[in-house]
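A.B. asks: could you work out the structure for the sequence below:
(chains A, B, C and D)
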There are 2 protein chains.
Amino acid sequence: MSAAPSPRAARSRDGIPDATVARLPVYLRALLAYSERGTATVSSEELAAAAGVNSAKLRKDLSYLGSYGTRGVGYDVAYLVYQISRELGLTQDWACVIVGVGSLGHALANYGGFSSRGFRIVALVDADPARVGVTLAGVVVNPIEDLESIIAARAVTIGVIATPGLAAQEVCDRLVAAGVTSILNFAPVVLSVPDGVDVRKVDLSVELQILAFHAQRRSLREAEPATAKSRRAPAMVGGVTP
Amino acid sequence: MSAAPSPRAARSRDGIPDATVARLPVYLRALLAYSERGTATVSSEELAAAAGVNSAKLRKDLSYLGSYGTRGVGYDVAYLVYQISRELGLTQDWACVIVGVGSLGHALANYGGFSSRGFRIVALVDADPARVGVTLAGVVVNPIEDLESIIAARAVTIGVIATPGLAAQEVCDRLVAAGVTSILNFAPVVLSVPDGVDVRKVDLSVELQILAFHAQRRSLREAEPATAKSRRAPAMVGGVTP
DNA sequence: AAGCACTTGTGAACGCGCGAACAAACTCGG
DNA sequence: CCGAGTTTGTTCGCGCGTTCACAAGTGCTT
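C.D. replies: Numbers count the residues shown, from 1 in each chain, chains lettered A, B, ... in the order given. You can find the predicted model right below:
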């Protein structure tokens, strides 16, 4: 019983669970919507509904950041926006480079959510000479050969890979070698990187296939409701039958 | 070729964990790479390395599908490709509609991974009259007014929302009302849908912010190593000591 | 000033997925 | 035909994340 009020000092700096970090941007977006609407304070119940999560989970998530929020009242919207932004590192600017200016690269360069919150696209590069020189969203496309010099000169910390799958690993290696430690990968490959490099993957194909799985499962359920026996059958998996 | 040594395994229809379902597409992609390379069988160790996961996890994941695979040998690549494809519902065609043909919609329409595995884009719709009539990836853009009739006529089961955030919820409601039960959402909003509808979200902004969090944490660690107190405390956090 | 309604922050139980270790099963060589 | 080597399928313990439930704290009303 650790009734003693000295927990392991989950003091905010260290030890924010990954699951919480993944939800903070969602909270932040909901808070910004409240802010634009002129709302001064929100309760955990309201904010949780807007973010699509449980209110208890939201409170626990926010408690990792600190004891912002006032009992009996709720959370001050502007204050919480600032705190979450600071924790996520959005109070500083992040220089990004997009590698690969195909149709996806075009969409990314034009994407508003990029530049809106501290993420600045400082360079676009592509291996295709036909694309080099084109100006896109106010940035000119450079040849892939200049990747390392651009990263060094512009202090790029985030690399976005929007190349075909075959080129992705090589581009990744070059990004890492040039000092980039945060990579957002849209190519359909599993990238291997050394420790200390953070890779996040956005895979449209995977999402579609997950949707297809659930859709098929639904249609199968409707097709044969007769076999309701195996519906949520508990403790059958332990099949000892030899 | 396919040894097909396992006659049973007809069950396991129910109860595949979501975490496993999310990894099956990754396994499938790795298997297809082996298949194209001409490899006939793979061990769980090899396949796990290619997919970037633990081999025990891979074996457990595959065991949910059934007892495919041969002890002492490994998994037959072609056979496993078929089994995973069938489980994911990729042996049938899925009719998709893309709503919103901005730069992102363009990229999605041109995306190869869409049509390659049973996902067919049967319609593109947009609210902007200037975009209606344009042909994109072999499909003509229709006005948003025709959404319901298109869904009914083409038996659309998957809806892709690539609209601005403000229009997303309304589009979602119309999709659901028209009978679509699988939705892939690219708009930066939390969609509310009734039970029985499956929504998956792809959010570039969220991924960037997660990257920024970890990047900031890294830079803070390097900046002040003085507070090494909370530095990777080994096995002390486990709190076994009462 | 004191009670009341309301909301946060958190302690504790629960469930799930992950990882390691092991037995069953199969192939191959002698 | 049998034993050695290999690999799958599964069992078990563990740690993380989610959820419930409640005490503590705040503002408002009387």
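
A.B. asks: can you mark which positions in the helix or strand harbouring A:G113 are buried?
C.D. replies: Assigned by DSSP states H and E, A:G113 falls within helix A:112-116. Going by neighbour count (16 or more other C-beta atoms under 10 Å in any protein chain shown), the buried part of helix A:112-116 is A:113-114. C-betas here are computed from N, CA, C, even on glycine.

A.B. asks: try stretch A:169-177
C.D. replies: Using 16+ other C-beta under 10 Å as the test for burial, stretch A:169-177 gives A:169, A:171-172, A:174-176.

A.B. asks: count the neighbours of the residue in chain A that DNA strand D sits nearest to for me.
C.D. replies: Nearest residue of chain A to DNA strand D, counting by C-beta to the nearest atom of the strand: A:G72, 2.6 Å away. Using other C-beta atoms under 10 Å in any protein chain shown, A:G72 is surrounded by 5 other residues.

A.B. asks: so which strand or helix has it?
C.D. replies: A:G72 belongs to no helix or strand when assigned by DSSP H and E.

A.B. asks: same question, A:K57
C.D. replies: Using DSSP H and E, the element containing A:K57 is helix A:55-65.

A.B. asks: can that helix be found next to DNA strand D?
C.D. replies: Yes. Against DNA strand D, helix A:55-65 shows contacts by C-beta under 7 Å from any atom of the strand at A:56-57, A:59-60.

A.B. asks: so which elements touch that helix?
C.D. replies: Applying 3 or more C-beta pairs under 8 Å, 6 or more residues apart in numbering or on different chains; DSSP states H and E, we find helix A:55-65 packed against helix A:18-37, helix A:44-51, helix A:77-88.

A.B. asks: buried residues of the second one, list them for me.
C.D. replies: Buried residues in helix A:44-51, counted by 16+ other C-beta under 10 Å: A:44, A:46-51.

A.B. asks: next, see if stretch A:72-88 gets close to DNA strand C.
C.D. replies: Yes. Contact of stretch A:72-88 with DNA strand C (C-beta under 7 Å from any atom of the strand) involves A:72-75.

A.B. asks: top of the residues you listed by neighbour count?
C.D. replies: Greatest neighbour count in the residues of stretch A:72-88 next to DNA strand C, by other C-beta under 10 Å, goes to A:Y75: 25 neighbours.

A.B. asks: would you list the phi and psi of the spatially closest residue to that residue that is not a sequence neighbour?
C.D. replies: Spatial nearest neighbour of A:Y75, chain neighbours left out: A:G69 (4.4 Å); criterion: C-beta to C-beta, 6 or more residues apart in numbering or on different chains. Torsion angles at A:G69 (phi, psi; degrees, to the nearest 10) stand at phi 100, psi 150.

A.B. asks: now swap in the one 3 residues further on and tell me
C.D. replies: According to degrees, to the nearest 10, the main-chain angles of A:G72 amount to phi 80, psi -10.

A.B. asks: with chain B in mind, check whether the helix or strand containing A:H106 reaches it.
C.D. replies: In the assignment (DSSP H and E), A:H106 maps to helix A:103-110. Yes. Applying C-beta under 8 Å from any C-beta of the partner chain, one finds that helix A:103-110 is in contact with chain B at A:103-104, A:106-108, A:110.
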